[in-house]
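1. Sequence first, then the predicted structure, then my questions.
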Amino acid sequence: MDSTSPDSDSEPGAAEATRAVQVAPPGGPATYFDGLSNRRQNVTIGFANQLVMRSPDNFVSWPYADIRRVDGPNGTLRVSCLSASPLARLEIRDAALVAELIARCSQIDQNRLTRGGIARIIAWSLAAVASIVTLVLVVIPFAADRLTPLVPPAMERHLGEAAVTQIKTIYHAQLCSETAGQAAFAKLVTGLRRPAGLDDSIGSQVLDTPVPNAFALPGGQFFLFRGLLDTANDPDEVAGVLAHELGHLKHRDNLRQLIHNGGSSFLIGLLFGDVTGAGAAIFASRAMINASYSREAEEAADSFAIEVMHKLGRPTRPMGELLFRITGKEAGKQPALWASHPLTEDRLARMRAEDRPPSGPPLLSAEEWKALKAICK
């Protein structure tokens, strides 16, 4: 309790503090700050049923149970009081007075952040950071690799289907639906799907947006963007890119990457089956658009595409040429296909080295290719 009226016996606090001062044994000098101004007050302290501080024009009493040690300069005990102003402080330099006050204040160090406590907080913080780094770099990638084969195909399909609407919203685009173009696109995808060993559950659509992109969603959905068709010179260029994306579908790279990027929260949702709601759909769509597969996954998808094109008797060089044109012309301007699938020199060299003269029939006729190019008209 604080008291500031030595001449008033009508106020209970003042009377109690006055009695405490009158019975207090002799104390010694200290410095008091009331927390309401920056004025320092030289006081004499005494010890009775409460700690009392007295000056010519003021006195204050603090219950021992409310007194707490706070950080102060060396050789000085600085304390505060829970029942006083939050900024009020008392500083004592006399060693005997310090010892007497500490002996009377059984809770003086309660909740005090000591140097040892600070060190423990720092140690725990560093341990937490290390745990997060381990989770991101080791645990989640390991879990993604192990969990991907265990995800039921039905759940994977639901996740991909839920993301389709979000894809359209993100790009503010409609699906291209010109009849002859759709027929040509279906023929191209079917021709690739069979040598790829994929069933007819694979869904493919062309989105009317100028971004030169193509990507696959979990569960067998993949998109080709008009911007890529506009850049392509022939069906073999488009077929190579689609075969590459089919490789990611075949290897379930998109689902693996989704689990990896989603982190622990997505893993928990996956374990409890809550991965097909709106939040998951938004995350899945954005994650797949910005997906960046590992070097190993890209090389495996390249191998898959090269094998498919060889089975069809079609060249592999056009795929690399299309990707090279996209990265050369569009880099830094808008999200391009190989911004997330970096076309390194060794990958481009491999596509050229694996190239063979055409030995199979064209994937599309000239008229079909023309229709595909106009699918969004």
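-> All right, it came through fine.

2. And Pro373, how far from Ser80?
-> For residue 373 the amino acid is Lys, not Pro. Here Lys373 is placed at a distance of 78 Å from Ser80 (Cβ to Cβ, to the nearest Å). C-betas here are computed from N, CA, C, even on glycine.

3. what's the domain layout of the protein?
-> 12-104, 151-373 (automatic domain parsing).

4. winner for burial among those domains?
-> Compared across the domains of the chain, domain 151-373 shows the largest average neighbour count, a mean of 19 (mean count of other Cβ atoms under 10 Å).

5. I'd like the average pLDDT over the helix or strand hosting Arg68.
-> Assigned by DSSP states H and E, Arg68 falls within strand 67-70. In this model, strand 67-70 carries a mean pLDDT of 92.

6. Which elements pack onto it?
-> The helices and strands touching strand 67-70, judged by 3 or more Cβ pairs under 8 Å, 6 or more residues apart in numbering; DSSP states H and E, are strand 77-81.

7. what pairs with the strand it packs on, and is each one parallel or antiparallel?
-> Strand 77-81 has the following strand partners under DSSP bridges: strand 67-70 (antiparallel), strand 89-92 (antiparallel).

8. Torsion angles phi and psi at the nearest residue to Asp66 once chain neighbours are set aside?
-> In this structure, Asp66 finds its nearest non-sequential neighbour in Leu82, 4.1 Å apart by Cβ to Cβ, 6 or more residues apart in numbering. Dihedral angles of Leu82 (phi, psi; degrees, to the nearest 10) stand at phi -60, psi -30.

9. can you check Asp199 too?
-> phi -80, psi -180.

10. looking at the domains of the chain, which one has the lowest mean pLDDT?
-> Mean pLDDT values for the domains of the chain show the minimum at domain 151-373, a mean of 79.

11. just to revisit the earlier point, Ala128 is nearest to which of the domains of the chain?
-> With Cβ to Cβ as the measure, domain 151-373 is the member of the domains of the chain nearest Ala128 (13.7 Å).

12. picking that back up, mind checking which of the strands paired with strand 77-81 is nearest Trp124?
-> Proximity to Trp124 (Cβ to Cβ) singles out strand 67-70 among those, at 22.8 Å.

13. which helices and strands sit right next to the longest strand anywhere in the chain?
-> The single longest strand within the chain, with elements called by DSSP state E, is strand 40-47. Identification of packing neighbours for strand 40-47 by 3+ Cβ pairs under 8 Å, 6+ apart yields strand 28-33, strand 51-55, strand 58-62, strand 89-92, helix 95-104.

14. Would you format the domains of the chain as TSV with distance to Ala130 included?
-> What follows is the domains of the chain, written out as TSV (distance: least, Cβ to Cβ, whole Å):
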stretch	distance to Ala130
domain 12-104	29
domain 151-373	16
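
15. Identify whichever of those domains lies nearest to Ala127.
-> Between the domains of the chain, domain 151-373 lies closest to Ala127; by Cβ to Cβ that is 17.1 Å.

16. Would you check how far apart Glu91 and Asp71 are?
-> The gap separating Glu91 from Asp71 is 12 Å, by Cβ to Cβ.

17. Give me the common contacts of these two.
-> Common neighbours of Glu91 and Asp71, using Cβ atoms under 8 Å, 6 or more residues apart in numbering, are Arg78.

18. If I follow the layout properly, Arg350 ends up in contact with Asp302?
-> Yes: if you go by Cβ atoms under 8 Å, Arg350 and Asp302 touch, sitting 6.7 Å apart.

19. Out of the strands paired with strand 77-81, which is closest to Leu224?
-> Of all the strands paired with strand 77-81, strand 67-70 comes closest under Cβ to Cβ, at 67.0 Å.
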